[in-house]
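**Student:** Give me a model of this one.
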Amino acid sequence: MKFFVINKKEILFIIFIIFLFILLAILFLISGKVLNVSTDSIEPNIEKIKNIYDSNEKIAYLTFDDGPTKKVTPKILDILKQNNINATFFVIGKRVDENPEIIKRAYNEGNFIANHTYSHNNNKIYINKETFLTEIQKTDESISNAIGIDNYHSGVFRFPNGSTAKDHYLQKQNSIKYLEEINYGYLDWNALNNDSMQKLSKKQLLENLKNTSKGKDVLVILMHDSGDVNNTYDVLQDSINYLKSQGYIFKTLYDVLYDCKI
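**Tutor:** Okay, the predicted model is just below:
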């Protein structure tokens with residue numbers, strides 16, 4: 001009978017091969033999981049945004065348009081932080097360039113930063129497909145520069161004045177198709193306090209919110225942090241208190257698109 005003698009080097013080589021095989025197997029499994037995650041995440045943001053109202057929970061999405069501004073946005077962020085609540089900010093790119101530190105703070109504190117065009121000028125936005133997409137791209141770049149993350153892409157857009165407003169209505173409907181090409185959903189609102197329409201008292205602003213939210217389980221609430229007409233922070237705490245009293249919980253678009261902050 002012959003006996004095979006394996007020296008120390010051969011034993012180490014065999015152990016190395018086994019270790020390498022196990023490592024490759026683990027990497028294969030991990031890559032498979034990553035692939036599955038990536039495939040799942042390809043589900044268009046468009047569909048997720050369209051289904052935002054499909055919930056049996058009472059959810060309030062606080063959304064603020066037209067900022068950031070030094071006058072209003074920091075005070076809104078202070079109130080949100082005090083209440084341990086996050087919101088969604090639909091930002092104007094040129095204002096992000098003017099106030100990058102404010103958007104960086106908003107992002108770092110867990111708020112969702114979404115796209116509201118670079119200029120907010122309808123006469124510039126809808127000249128053609130190229131001008132529309134450039135408005136979105138420039139705003140994403142401004143956000144990227146402000147928060148220090150390359151190639152930021154929120155996946156969510158809000159038309160200035162909303163998608164159904166009469167002004168430039170046909171151009172907006174065409175632009176919805178352009179949004180689909182870059183996997184951007186668009187989001188309007190179903191409740192508001194009319195803080196951008198005319199100068200109103202705190203009581204009037206709150207009453208507008210109460211009236212437009214009646215009978216609705218899911219609220220996408222339009223407010224503004226521009227300070228052009230009303231200082232929304234004056235009524236924000238009262239609004240939060242009211243929504244809490246009605247049983248609403250607060251979420252952001254992180255919860256819609258990713259189930260958590262990424």
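
**Student:** List the buried residues of stretch 207-227.
**Tutor:** Buried residues in stretch 207-227, defined by neighbour count with 16 or more other Cβ atoms under 10 Å: 208-209, 212-213, 218-227. No exception for glycine: its C-beta is placed from N, CA and C like everyone else's.

**Student:** just stretch 87-102 next, same as before
**Tutor:** 87-93, 95-97, 99-100, 102.

**Student:** Could I get the full set of strands for this structure?
**Tutor:** Assigned by DSSP state E, the chain shows strands spanning 59-67, 88-91, 112-115, 156-157, 185-186, 191-192, 218-224, 249-251.

**Student:** Can you add distance to residue 124 and give those strands back as CSV?
**Tutor:** Output for those, formatted as CSV (distance: least, Cβ to Cβ, whole Å):
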stretch, distance to residue 124
strand 59-67, 16
strand 88-91, 17
strand 112-115, 15
strand 156-157, 16
strand 185-186, 18
strand 191-192, 25
strand 218-224, 20
strand 249-251, 33
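
**Student:** Looking at these, which is nearest to residue 199?
**Tutor:** strand 218-224 (13.0 Å; Cβ to Cβ).

**Student:** pLDDT and distance to residue 137 added to the buried residues of stretch 207-227, as JSON lines?
**Tutor:** JSON lines is the format used below for the buried residues of stretch 207-227 (pLDDT from 0 to 100; distance: Cβ to Cβ, whole Å):
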{"residue": "208", "pLDDT": "98", "distance to residue 137": "34"}
{"residue": "209", "pLDDT": "98", "distance to residue 137": "34"}
{"residue": "212", "pLDDT": "98", "distance to residue 137": "33"}
{"residue": "213", "pLDDT": "98", "distance to residue 137": "34"}
{"residue": "218", "pLDDT": "98", "distance to residue 137": "30"}
{"residue": "219", "pLDDT": "98", "distance to residue 137": "30"}
{"residue": "220", "pLDDT": "98", "distance to residue 137": "25"}
{"residue": "221", "pLDDT": "98", "distance to residue 137": "28"}
{"residue": "222", "pLDDT": "98", "distance to residue 137": "24"}
{"residue": "223", "pLDDT": "98", "distance to residue 137": "26"}
{"residue": "224", "pLDDT": "97", "distance to residue 137": "24"}
{"residue": "225", "pLDDT": "97", "distance to residue 137": "23"}
{"residue": "226", "pLDDT": "94", "distance to residue 137": "22"}
{"residue": "227", "pLDDT": "88", "distance to residue 137": "27"}
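
**Student:** ok, residue 173 to residue 137 distance?
**Tutor:** Using Cβ to Cβ, to the nearest Å, residue 173 is found at 21 Å from residue 137.

**Student:** The two - which one has more neighbours?
**Tutor:** The residue with more neighbours, out of residue 173 and residue 137, is residue 137; 15 against 11, by other Cβ atoms under 10 Å.
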